[in-house]
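J.: I would like the atomic coordinates for the input below:
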Amino acid sequence: MIQHDDQLAGTKGFIPSVAKRPPEISFGGRVLFLADDAELIRRQLHEGLNPELTRDLKAKLRDQISTDEITPAYICFFYDETLGDFPYLGLEVRSGGAGGHGADGRAAADSTEAPIERGTVRAGGFICSVAGKRRGKGSSREQSPYAELMAGIKVVVSESIERIYNENCQNLGILTTTNFGLIDRIRSGEPIPLSEFTAGTDEITRQIIEYGGLFEFNMARLQGQVTLPAPRAAAGPDGASERPAASRGSQAEDAPQARPGPRPQPRGGEGVGRQRGGAG
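T.: Numbering: from 1, shown residues only. Model (predicted):
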């Protein structure tokens, strides 16, 4: 049963208290560079290498890492913290580490491999993951950012981040940014204004980030700590307002509703046994 906020007024004592993140946050920890270089990735995972972000390293970062590479389909049977053993198991990069990229962002050479094994990201103590353009393309599976979160990743840095993957990260509490200038500050534990991760977002997204995720945001909303913006009016062809435009997390009240069509009738006795409870 769906309850309205006024129906929940008497239940606030049963909802855990939730507070916003502080205005400045600190991390301090290792940064994993998802480079198109299997040996470089292995050295980060197994030898404790902590490379500096140079122009050459930035040029090597894998572009267009899909959610299927972050969590291949067979991994998505897991739905809990076990996912933290699996991030990037499907990531394929160049064996030699030299050369350019193909049109799909993958290594141009024939010799590629998947150097990341189960449990190695979590065991490496990484708190930040860095990649190139179009990170998180592909399916909208939430298991991908959840696997990263459960492996210890708190911040995702990429040149560009696909919208649905980006929102899934924000909803789960992972901070996202395209500002490579934050990497050294993240690694060193220097305090970083939370506004670095909320700049340019809409009002609801900003609050989701500030509260640490969508679940925490909704708990704060039930406690009356959140003020939702009024729906914006969409302009018609003549520039006049026509109807409210749904913003993130809301739906226009006058949105068209689907109506059920006529129930199909069985043909030639087809399905009659199932309808009447018989075997078939």
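J.: so who does residue 21 touch?
T.: By C-beta atoms under 8 Å, 6 or more residues apart in numbering, the contact list for residue 21 reads 194, 209, 210, 211, 212. C-beta coordinates here come from the backbone N, C-alpha and C atoms, glycine included.
J.: From residue 194, how far out is it?
T.: Separation of residue 21 from residue 194 (C-beta to C-beta, to the nearest Å): 6 Å.
J.: Quick one, grab the pLDDT at residue 98.
T.: Listed pLDDT for residue 98 reads 52.
J.: Now the element after the helix or strand harbouring residue 128, going C-ward?
T.: Take DSSP states H and E as the rule and residue 128 turns out to sit in strand 126-131. The helix or strand immediately downstream of strand 126-131 is helix 143-150, counting by DSSP H and E.
J.: need the helix or strand of the protein with the lowest average pLDDT.
T.: Lowest on mean pLDDT, DSSP states H and E among the helices and strands of the chain sits helix 272-275, with a mean of 35.
J.: so how far is stretch 194-206 off the chain centroid?
T.: Counting by C-alpha atoms, centre = their mean, to the nearest Å, stretch 194-206 is centred 15 Å from the centre of its parent chain.
J.: Buried residues, stretch 65-75. List them.
T.: For stretch 65-75, the neighbour count (16 or more other C-beta atoms under 10 Å) marks 65, 66, 67, 68, 69, 70, 71, 72, 75 as buried.
J.: Greatest separation within these: which pair is it?
T.: 65 and 75 (15.0 Å; C-beta to C-beta).
J.: any weak-confidence spans in the stretch 151-280 of the chain?
T.: Applying pLDDT under 70 to the stretch 151-280 of the chain flags residues 234-280.
J.: could you redo the last one with a cut-off of 90?
T.: 227-280 (pLDDT under 90).
J.: For it, just list every one of the helices.
T.: 163-172, 183-188, 195-198, 203-211, 214-222, 272-275 (DSSP state H, counting those that start in this stretch).
J.: if we can go back for a sec, just checking, which of the buried residues of stretch 65-75 belong to helices?
T.: When DSSP state H is applied, the buried residues of stretch 65-75 are split such that 67, 68, 69, 70 fall in helices.
J.: Need those residues in a markdown table (columns: distance to residue 160 and pLDDT).
T.: Listed next are these as a markdown table, based on distance: C-beta to C-beta, whole Å; pLDDT from 0 to 100:
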| residue | distance to residue 160 | pLDDT |
| --- | --- | --- |
| 67 | 15 | 97 |
| 68 | 18 | 96 |
| 69 | 16 | 97 |
| 70 | 16 | 97 |
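J.: Could you export these as a markdown table, including distance to residue 88?
T.: Output for these, formatted as a markdown table (distance: C-beta to C-beta, whole Å):
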| residue | distance to residue 88 |
| --- | --- |
| 67 | 11 |
| 68 | 11 |
| 69 | 7 |
| 70 | 6 |
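J.: with those in mind, which one is nearest to residue 167?
T.: Distance to residue 167 across these (C-beta to C-beta) is lowest for residue 67, with 12.7 Å.
J.: which ones are touching that closest one?
T.: Shown in contact with residue 67 (C-beta under 8 Å, 6+ apart): 136, 137, 138, 139, 140, 141, 144, 165.
J.: The closest residue to residue 115 other than its chain neighbours: what's it in contact with?
T.: Excluding its sequence neighbours, the residue lying closest to residue 115 (C-beta to C-beta, 6 or more residues apart in numbering) is residue 38, at 4.2 Å. Residues in contact with residue 38 (C-beta under 8 Å, 6+ apart) are 93, 94, 95, 97, 112, 113, 115.
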